[in-house]
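1. next one to model:
(2 chains)
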There are 2 protein chains.
Amino acid sequence: MHRKVTPVILCGGGGKRLWPLSRGQYPKQFLKLTGAWSLLQETALRISDPARFEPPLVIANEDYRFIVSEQLAEIGVPPHAILLEPAARNTAPALAAAAMLIGETAPDALLLVLPSDHLIARSDAFSHSVATATAAAAGDRLVTFGMKPTAPETGYGYIEAGASLAQAPGAHAVDRFVEKPDLATAEGYVASGRYLWNSGMFMFPAALLVEELSSLEPDLAATVAEALAERTVDGDFIRLGARFRDARAVSIDYAVMEKTSRAAVVPGEMSWTDVGSWNALWEVSERDGAGNAVAGEAVLVETRDSYVKSSGPLVALLGVSDLVVVVTDDAVLVTPRRLSQDVRKVVERLEALARPEAEHPRLVYRPWGHYEGIHAGQRYQVKRIFVKPGAQLSLQKHFHRAEHWVVVNGTALVTRDGEQILLRENESTFLPLGCVHRLANPGKIPLTLIEVQSGAYLAEDDIVRLEDSYNRA
Amino acid sequence: MHRKVTPVILCGGGGKRLWPLSRGQYPKQFLKLTGAWSLLQETALRISDPARFEPPLVIANEDYRFIVSEQLAEIGVPPHAILLEPAARNTAPALAAAAMLIGETAPDALLLVLPSDHLIARSDAFSHSVATATAAAAGDRLVTFGMKPTAPETGYGYIEAGASLAQAPGAHAVDRFVEKPDLATAEGYVASGRYLWNSGMFMFPAALLVEELSSLEPDLAATVAEALAERTVDGDFIRLGARFRDARAVSIDYAVMEKTSRAAVVPGEMSWTDVGSWNALWEVSERDGAGNAVAGEAVLVETRDSYVKSSGPLVALLGVSDLVVVVTDDAVLVTPRRLSQDVRKVVERLEALARPEAEHPRLVYRPWGHYEGIHAGQRYQVKRIFVKPGAQLSLQKHFHRAEHWVVVNGTALVTRDGEQILLRENESTFLPLGCVHRLANPGKIPLTLIEVQSGAYLAEDDIVRLEDSYNRA
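-> Down below sits the predicted model:
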């Protein structure tokens, strides 16, 4: 029996552990950490074969909707929908909503739950495990994916695998789930050969998950059902009702997996990591003869076993070892590799100081493209604005600033107090204070322009949106 | 007898040890390392009392002439002249030229020779030592300033002080000069109480120096005399003739001080350092309770005894100690404090790679002001240009680029193919490829403008100067 699988991609996750690359407004799953694609994109590409998978349902926070949408468009993987949570309530409510939603139209659907902020180097092993899990789930099992441990990690939960399941070769019953252990316990687990890392990936029959939740967490299930009934649809976006906020915040492991009699586990060897720190990234990166992993412009003299990543200035290291140095245009992090789990302490300090570097990346993503501040001076600032072909910004005006636009690549269609003008490369226009204006890219190639803003108050909130293609007015 | 002193400021010095702040084109003496003024400016301010000092003669390399000129103007210390060497030939030829030049008009002048790249915290002690040295020099001595050692430094030469000089209380005869010692020897020197660090500061009667040089280094003296005779004058700048290149490159210590019978030494306690490394700067900086010296935006978590300086991105350190982290807009240096003497290894690597970060600062100084690149993209770049009141750029044209200028502060007078236009804040103009143009600041306040350049070739050498106020055409 062949049943297609519906992937459910969990796009939560915070911005603390991979700071300064990850930010509150641009967390880990959106980062291009190891290659051309972000972790989210790699996750989506892994399940993009239409012969085996339905289009994915992506669950995300409202704040990230345009980034998710743009990153999926970039790789040509259109989602089934992007389900927006009014508040993060951990995995049980999110997966309840996903199972109920998919179950409405495909009651026999098998859901493959994938966190979007993990790295999986071996996609062949992933495919193999998914096939095994599909067989187990089709036999009415709630399947979790266990990773064969390669080290006594104390940062992961573990699963003790039990007897093999006759109807799904390769899958096992679950003897028990255990929380993050201490080092000695973890060493015992690894030595025993029976324990697996809890990866946070699952495969469930949608109907079975709803059934188990209704029995184990009836209030949660009922609350989520109400939130789903209240949903609104806005293009690809499905917004859950506000009732969702009342759902108990609990993980699917705790709410269901640790209690159900139908749990199964599929062991895998996918070279999996949750990329929980810069050190984890060093471990999976290609390293030179001195043990250094380098991305970006760097000069290393007498340096060993270090991780260097720069998307901004040149980095020069002299006579250091076991160090993490991560550099962006607006921030520099230096910490020993062994302490890189504690980077959240830096972020918490920055949050306490209300520093923008905690929350905002230099490059700000918008539905029409992105922009970045490239210089800020006394009563003026300079931005680079990138508009996708066919996209347009809102019709807007500002009370406190005038703007100059200089087109440096592509063609701009500028609306200025009712008049429309076409600007080509090397042409510019001036938008006086109060002028009602709109920027659009009518062309087939991206538009880049330099914006020079002048005025006494230059913050982003001096914007009156009169009309918007993306429902932000 | 009261004789006024003519300071001679040596403005040589390289760009390697304090990289990334210092660069080949912007070495240590021009850096504002500890406060509002650069080391050169602090040096000039120290001898700016007209009751005691004549205006200084500054000896510099051609490349640095406008920086020297601007920095002296900024502090209101007009130089006697800025003597430009066609090539660096160490201190003996430079001081020969200074002594001969000053001697032409003031044969009884006393020269106070000051390197411009040293830090002196105690100006009271400096004044006191200068008074002592003046008395000694007036008694026909060649005086060197010795610093009472506070540690067994192996990076300095030492002077063994001899008998007190009767006619100049506080000054001593010199028993001998010794080269940079090993640590054990240095410890012995410090313990003996008779050895002083050789600071590179001197006081000479101009005529006596010429006399000694003529006797000890007759070829050198004759060559320098020819170069001086060939000199040309360009405003404050005096250019030595090309013959100067033939002078033997030798230090004044080696050529004269170690051989003359007229050497004297004045011991001082000025809290002096030659700022030979970032660690030296850490040592003289104010430090917090955890031993950290911080300049610029930084967040330090569980960090001790480190030196942090940023003129660009925010720096976050977590769990490190005894580290130097120096950040500019285009480069990041991370090295242990104890290795900061070896920063030249990084610079040498960068030079071998022909990286611009070895040679050029982000902010480029010009006689009319300065500019910095703030963004570079595909076929375009953005610069911020700052023009001093009353200054103007050359009349120029470009073959490969068009330029947009947006005035953000002040007023610009723009010449554009013969036409003149006045641009105020928030106004802009376009300079097409090939257009003959000039930018001037006719106002009383600085002019800042944003320049957006477009074209296939955007390097600085695409410039045809048709006319220039600073003799660069």
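2. which residues does A:Leu21 contact?
-> Each residue near A:Leu21 by CB atoms under 8 Å, 6 or more residues apart in numbering or on different chains is listed here: A:Leu31, A:Leu33, A:Lys309, A:Ser311, A:Val326, A:Thr328. In this view, the C-beta of every residue, glycine as well, is placed from N, C-alpha and C.
3. what's the closest non-adjacent residue to the fourth one?
-> Just to be clear, that refers to A:Ser311. Among residues not flanking A:Ser311 along the chain, A:Thr328 sits closest, at 5.3 Å (CB to CB, 6 or more residues apart in numbering or on different chains).
4. got the contact list for that neighbour?
-> By CB under 8 Å, 6+ apart, the contact set of A:Thr328 is A:Pro20, A:Leu21, A:Ser310, A:Ser311, A:Gly312, A:Pro361, A:Arg362, B:Pro313.
5. 6 Å instead, please
-> Each residue near A:Thr328 by CB atoms under 6 Å, 6 or more residues apart in numbering or on different chains is listed here: A:Pro20, A:Ser311, A:Gly312.
6. where does A:Ile421 land in three-state SS?
-> In three-state terms, and counting by DSSP: H, G, I helix; E, B strand; the rest coil, A:Ile421 is strand.
7. how far away is the nearest residue to A:Pro55 once chain neighbours are set aside from B:Val436?
-> Closest residue in space to A:Pro55, ignoring its immediate chain neighbours: A:His80 at 4.2 Å, by CB to CB, 6+ apart. In this view, A:His80 and B:Val436 are 61 Å apart by CB to CB, to the nearest Å.
8. and if you look at A:Phe430?
-> 24 Å.
9. check A:Leu110 too.
-> 73 Å.
10. which one's more surrounded, the two?
-> Per other CB atoms under 10 Å in any protein chain shown, whichever of A:Leu110 and B:Val436 has more neighbours is A:Leu110, with 24 against 16.
11. in contact with the more buried one, which residues?
-> A:Arg3, A:Val5, A:Ala137, A:Pro205.
12. same question for A:Phe386.
-> Shown in contact with A:Phe386 (CB under 6 Å, 6+ apart): A:Gly369, A:His370, A:Thr448.
13. between those residues, which is closest to A:Ser129?
-> Nearest to A:Ser129 out of those is A:His370 (CB to CB; 35.9 Å).
14. what's the burial count for the closest one?
-> 18.
15. quick check, it in contact with A:Arg362.
-> No: here A:His370 does not reach A:Arg362: they are 10.2 Å apart, not a contact under CB atoms under 6 Å.
16. if we can go back for a sec, neighbour-wise, which one of the contacts of A:Leu110 leads?
-> Result: A:Ala137 is most packed of the contacts of A:Leu110 (other CB under 10 Å), 29 neighbours.
17. so which residues make contact with the host helix or strand of that residue?
-> Using DSSP states H and E, A:Ala137 sits in helix A:123-138. Identification of contacts with helix A:123-138 by CB under 6 Å, 6+ apart yields A:3, A:46, A:110, A:120, A:143, A:145, A:168, A:170-171, A:203, A:205, A:264, A:266, A:268-270.
18. quick check: buried residues in it?
-> Under the neighbour-count criterion of 16 or more other CB atoms under 10 Å in any protein chain shown, helix A:123-138 has A:Ala125, A:Phe126, A:His128, A:Ser129, A:Val130, A:Thr132, A:Ala133, A:Thr134, A:Ala135, A:Ala136, A:Ala137, A:Ala138 buried.
19. from the residues you listed, which is closest to chain B?
-> The closest of the buried residues of helix A:123-138 to chain B turns out to be A:Phe126 (CB to the nearest CB; 33.7 Å).
20. partners of the helix or strand of chain A with the lowest mean pLDDT in the sheet?
-> Within chain A, confidence by mean pLDDT, DSSP states H and E is lowest for strand A:363-366 among all helices and strands, at a mean of 85. Under the criterion DSSP bridges, strand A:363-366 sits next to strand A:369-377 (antiparallel) in its sheet.
21. right, I'll call it a day here.
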